[in-house]
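Undergrad: could you work out the structure for the sequence below:
(one chain, ligands or ions: 2)
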Amino acid sequence: MEPASRIDEAIAALRRGEAIGLPTETVYGLAGDARDPDAVRRIFELKGRPADHPLIVHLAEAHWLERWARDVPTAAVVLADEFWPGPLTLILKRQPDVLDAVTGGQDTVGLRVPSHPLAREVLSRYGRALAAPSANRYGRVSPTAAQHVRDEFGDAVPIVLDGGDCAVGIESTIVDVSGDTPRILRPGRITRAELEAAIGTIESGAVAASPRSAGSHAAHYAPSTPIELVASDAFANRLASHRDAGRRVAALSRAPQPGAVEGIVAGTTPDDYAHALYGALRALDALAVERIVIEAPPNTPDWAAVRDRLMRAAVGAPLDGPGT
Ligand code: TXA
Ligand code: MG
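TA: Numbering: from 1, shown residues only. Ligands and ions are numbered 1, 2, ... in the order given. Prediction:
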């Protein structure tokens, strides 16, 4: 973890309107003061992100929510109570003074209380909310280690706090509670079943596809190497046929694979797999192979978040896993 002096430097940078690399339990964020228009502009500039894409506002404590959201429904209070601090973002009607740049001009704002101790320490010592998208350039793989952020931005982001590997490894679950019925906009570590246990049935088929909602752009999480997502029962054969054709490919699988292909075993449970996923995609991308061949996880609710990220990563490449 970081020494106190490093945290002081980070806070001084935030006061100057700069953006810093901040670890959270999901992925690293590129964080700046959510009330400072210059800081927010800087975040968009660094990421190369379209201006109408809203940012998530990170709070130290759940009760800060009142300064950011209005007409907060009971479902939101229950979810915040149950899952904050933690990997859940709530979309709520915004207070009028929230910067348009943060909300993408929408009438709603995304809020979350992260659980990573370093994020919490920075937020509570700084005493103000931080707008933080994932600390990657627009459309690239989210960072799950401080080094990923340094690789992504170099000297342009001089302060990257090192909080180790992100425990969750994929971005927060996003639930829109601004309308009449809650909707899941982005699946994550907190599953539909867990959400429903807290607030009752969430409309099914409700993963939204509005242009401004989470990760709805093609190739949102893609490495530069083409990706093939292959059903589990066809996986070994596909690797063999690539090998026979003399193609240099790398594999990402759930369990060790027989056969001599470079690869990474991401894990047999959804949580282990999510934890390993982005680091694995970065490492496989760096091999500069012709393709990354990925064994599609089962089409079951517990794998929804991992499958969502894999599908996005595979956009533009043959995609023949189940459920496509
Ligand atoms: O786990 C996470 O959520 C990480 C860490 C750093 O907290 N952050 C993250 O931020 O993934 P970002 O900006 O990469 O993704 C946030 C997503 C975007 O796709 C954005 O469109 C959506 O949240 N979002 C934010 N505010 C929204 C709003 N008011 N309505 C709909 N979607 C919103
Ligand atoms: Mg992102």
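Undergrad: quick check: closest non-adjacent residue to residue 127.
TA: Once flanking residues are discounted, residue 127 sits nearest to residue 60: 7.6 Å by C-beta to C-beta, 6 or more residues apart in numbering. All C-beta spots, glycine's among them, are computed from the backbone N, C-alpha and C.
Undergrad: correct me if wrong: that neighbour contacts residue 120.
TA: Yes - using C-beta atoms under 8 Å, residue 60 is in contact with residue 120, at 6.4 Å.
Undergrad: near ligand 1, which residues of the stretch 51-200 of the chain?
TA: 53-56, 89, 91, 103, 106, 108-110, 112, 132-134, 171-172, 174, 185 (C-beta under 6 Å from any ligand atom).
Undergrad: pull out the buried members of those residues.
TA: For these, a burial check counting by 16 or more other C-beta atoms under 10 Å picks out 53-56, 89, 91, 103, 106, 108-110, 112, 132-134, 171-172, 174, 185.
Undergrad: so where do the strands sit in the stretch 151-300 of the chain?
TA: 173-176, 183-186, 227-230, 249-253, 262-265, 291-295 (DSSP state E, counting those that start in this stretch).
Undergrad: among those, which gets the worst mean confidence?
TA: Lowest mean pLDDT within the strands of the stretch 151-300 of the chain: strand 262-265, a mean of 88.
Undergrad: still on that earlier bit, state the distance from the residue nearest to residue 127 to residue 33.
TA: Look at residue 60 and residue 33: by C-beta to C-beta, to the nearest Å, they are 13 Å apart.
Undergrad: shared neighbours, those two?
TA: Counting by C-beta atoms under 8 Å, 6 or more residues apart in numbering, the residues touching both residue 60 and residue 33 are residue 129.
Undergrad: which residues of the protein score low on pLDDT?
TA: Applying pLDDT under 70 to the chain flags residues 204-221, 258-260, 316-324.
Undergrad: does ligand 1 sit close to the biggest helix by length in it?
TA: Criterion DSSP state H: the longest helix present in the chain is helix 270-286. No - Helix 270-286 is not in contact with ligand 1 by C-beta under 6 Å from any ligand atom; minimum separation 11.4 Å.
Undergrad: in that helix, what counts as buried?
TA: Of the residues in helix 270-286, 270-271, 273-282, 284-285 count as buried by neighbour count, 16+ other C-beta under 10 Å.
Undergrad: for stretch 13-25, same thing?
TA: Neighbour counts using 16+ other C-beta under 10 Å place 13-14, 18-25 of stretch 13-25 among the buried residues.
Undergrad: which pair of those residues spans the longest distance?
TA: For these, the farthest-apart pair by C-beta to C-beta is 18 and 25; their separation is 23.3 Å.
Undergrad: this completes my enquiry, with thanks.
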